[in-house]
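**Student:** Sequence below, structure please.
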Amino acid sequence: MRQWTAAKGENPDTLLFFRMGDFYELFYDDAVLASRLLQITLTARNKEKGEPVPIDPERWTNNTKAAFSAATGHAASSNNPELTPAHLLDALLQQQETMTRPLLAQVGVDPDTLAGKVQEQLSRLPRAQGGAEPGLSREAREVLEAAEK
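**Tutor:** Got it, this is the predicted structure:
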């Protein structure tokens, strides 16, 4: 982050795309502004340190990436303006070859019953027209931040 801070200091009025591995990322106010301008989801990590930095999907497993993508797709196709924890849980429950269903069963939760309740909750979410990508709800952001700890 020192390199980013130095580069941003030299270019304070520019959205600074900073290369992190194979990707370019925006940080802090640049990320907030770009998410609004481009109507894309803003995620954050390191919130406990007082300076949120976008959540790093590169640290996620392939199954987590697939679930997030499926959840976002479901929210968009349902015209839900926000991606919620229910979307994420639904996507995880749809993954048949993962640990989600066996772990739920092990703690006494019937995955099929839970899936039905999640579908019911999803059907009651607000809908909006306009085709914009769903934003990440505060609750979903908190779930993802907690999972990164």
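
**Student:** Tell me which stretches of this structure form helices.
**Tutor:** For the chain, helices defined by DSSP state H occupy the ranges 2-10, 28-38, 62-77, 85-94, 100-106, 111-123, 138-148.

**Student:** just so I know, which of these lies nearest residue 129?
**Tutor:** Taking C-beta to C-beta, helix 62-77 is the member of these nearest to residue 129, at 12.0 Å. (Glycine included, C-beta is placed from N, CA and C.)

**Student:** quick revisit: most packed of the helices of the chain?
**Tutor:** helix 85-94 (a mean of 22; mean count of other C-beta atoms under 10 Å).

**Student:** which helices and strands does that one pack with?
**Tutor:** Helix 85-94 makes packing contacts with helix 62-77, helix 100-106, helix 111-123, helix 138-148 when contacts are defined by 3 or more C-beta pairs under 8 Å, 6 or more residues apart in numbering; DSSP states H and E.

**Student:** So this structure: which segments form each domain?
**Tutor:** With domains defined by automatic domain parsing, the chain comprises 2-58, 59-148.

**Student:** give me every residue that touches residue 35.
**Tutor:** Applying C-beta atoms under 8 Å, 6 or more residues apart in numbering to residue 35 gives the contacts 41, 42.

**Student:** Any regions of this structure where pLDDT drops low?
**Tutor:** When residues are selected by pLDDT under 70, those of the chain lie in 1-2, 20-23, 43-56, 58, 131, 149.
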